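Novice: How does the following fold in three dimensions:
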Amino acid sequence: MASKPELERLVSATERTVLEKKELVMNNIEEENKNLQAPDGEEIKGGGLQPTEALKQFFNHVSLFSAPGISNAEVVELSMTDTIGAAIEKLFIQKVMGAPVRDPHQTGSLPLTDQYVGLLDFASLVLWALEVSTMASSFRWGPFFPVRPEDTLLHVLLILSKHRLKAVPVVDAESSKCVRAFITQNVALHLLLQCEGLPWFETIAGKEIRNAGFETEYNAEQLVFVHGDETLVTALHAMWKYRISGVPILDRPSKRLIGNIRYCDLLILLEDAQVFSKRNELLAQDFLKEHADDDGDHLQGTPLQEDFGAAISAAALSLANVKTPPMQDPVTFSSSDTMKEAMQKLFRARSDRGFIVDDVAS
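Specialist: Next comes the predicted model:
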């Protein structure tokens, strides 16, 4: 049985994979269970090392080097001197949904965080340029909260949660471009699912969605959606106004969820001149139907963790090698699904969003 200092040393070993570290924690808990006397024959769960302690040790010793693709990233960067049009064109050609913006006037002697002014995402640029909302005096910059490869997964999870970010840039002074990769929500989910079997994970992930605080009257009142008989530009306006990366589309008579329009779908507007020109009169439901077959073959079967890890590499927020679920096939959950089942559904669908539906309205 490993002592706590010894366990911390083993878990923190950078050459070990996430799965190997999980086994170390699991084996330690099992060994401590064997050496404890349970009253009246009861099974002691967790042993001397409580699940919460395993959580702290595990996540606080899993470096970002464990993230898939972080070692071979190719991040696209923008400059403050780029025009809006040039930035949209560059991100569109590269099929990149976001990029850090460097200030060319700052010297390399400054800290890395001072060399970048923020993050820009492709969809927000397009929405701003299309004037789907009242034209703002300046563009909405995304915050720049960088981490380093040696930082831990726990640190990244706290940043993603606290600031409601989709991705966190990983900076490295040895990289020619400094920002070497991104840790996205999908990457974090990928790593979390490898923790299956740890007692703390099973305790939390085993809770039903109905008990996780998602279904409240406040959330219901704040739900943003667009009816299928409203125009495509209405959906785009909703995404810009409420700063959301996707909007559910409901059938007005039945209130059924018939699809969702996401940031990544804005690529269609630039790829299809006809859709671009019809955006003010094209109905959202017709937009879904017209492009139902565009990505229908993207999700054949269940991806292996290794394949999915490579596809959603922590690299450049790229869509080039990542297949997304069709707009007409959004990920849905029932109230009785567990958190673990919800995570697995998102993982299999390669999606960063899902919707809780009931048995009546669906």
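
Novice: all helices of the stretch 251-362 of the chain, in order?
Specialist: With DSSP state H, counting those that start in this stretch as the criterion, the stretch 251-362 of the chain has helices at 267-271, 273-278, 284-290, 305-311, 339-349.

Novice: okay, now the domains of the chain?
Specialist: Domain assignment of the chain by automatic domain parsing yields the ranges 4-62, 70-193, 205-297+323-356.

Novice: what about the last one, how long is it end to end?
Specialist: So the one you mean is domain 205-297+323-356. Length of domain 205-297+323-356, first residue to last, C-alpha to C-alpha, to the nearest Å: 17 Å.

Novice: that older thread, could you dump the helices of the stretch 251-362 of the chain into a markdown table and include distance to residue 202, mean pLDDT and mean neighbour count?
Specialist: All C-beta atoms are positioned from the backbone trio N, CA, C, and that covers glycine. Formatted as a markdown table, the helices of the stretch 251-362 of the chain follow (distance: least, C-beta to C-beta, whole Å; pLDDT from 0 to 100; neighbours: other C-beta atoms under 10 Å):
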| stretch | distance to residue 202 | mean pLDDT | mean neighbour count |
| --- | --- | --- | --- |
| helix 267-271 | 39 | 90 | 16 |
| helix 273-278 | 46 | 93 | 12 |
| helix 284-290 | 37 | 95 | 20 |
| helix 305-311 | 18 | 43 | 15 |
| helix 339-349 | 8 | 88 | 18 |
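
Novice: any chance of those in CSV, plus distance to residue 209?
Specialist: Formatted as CSV, these follow (distance: least, C-beta to C-beta, whole Å):
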stretch, distance to residue 209
helix 267-271, 31
helix 273-278, 35
helix 284-290, 25
helix 305-311, 23
helix 339-349, 6
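
Novice: Which among the ones you listed is found nearest to residue 81?
Specialist: Of all these, it is helix 267-271 that lies closest to residue 81, at 22.7 Å by C-beta to C-beta.

Novice: Report all helices and strands that that closest one contacts.
Specialist: If you count contacts as 3 or more C-beta pairs under 8 Å, 6 or more residues apart in numbering; DSSP states H and E, helix 267-271 packs onto helix 84-94, helix 122-130, helix 273-278.

Novice: So what's the residue count around residue 192?
Specialist: The tally of other residues near residue 192 (other C-beta atoms under 10 Å) stands at 18.

Novice: which residues sit in contact with residue 141?
Specialist: 101, 117, 118, 119, 120 (C-beta atoms under 8 Å, 6 or more residues apart in numbering).

Novice: Is the last one part of a helix or strand, or is it coil?
Specialist: Okay, so that is residue 120. strand (DSSP: H, G, I helix; E, B strand; the rest coil).

Novice: can you check the first one too?
Specialist: For residue 101, the reduced secondary structure class is strand; criterion used: three-state DSSP.

Novice: Just the pLDDT for the closest residue to it other than its chain neighbours.
Specialist: Nearest residue to residue 101, sequence neighbours excluded (C-beta to C-beta, 6 or more residues apart in numbering): residue 78, at 4.7 Å. On pLDDT, residue 78 comes in at 92.

Novice: tell me the contacts of residue 78?
Specialist: By C-beta under 8 Å, 6+ apart, the contact set of residue 78 is 87, 90, 91, 99, 100, 101, 102, 120.

Novice: No more questions from me, cheers.
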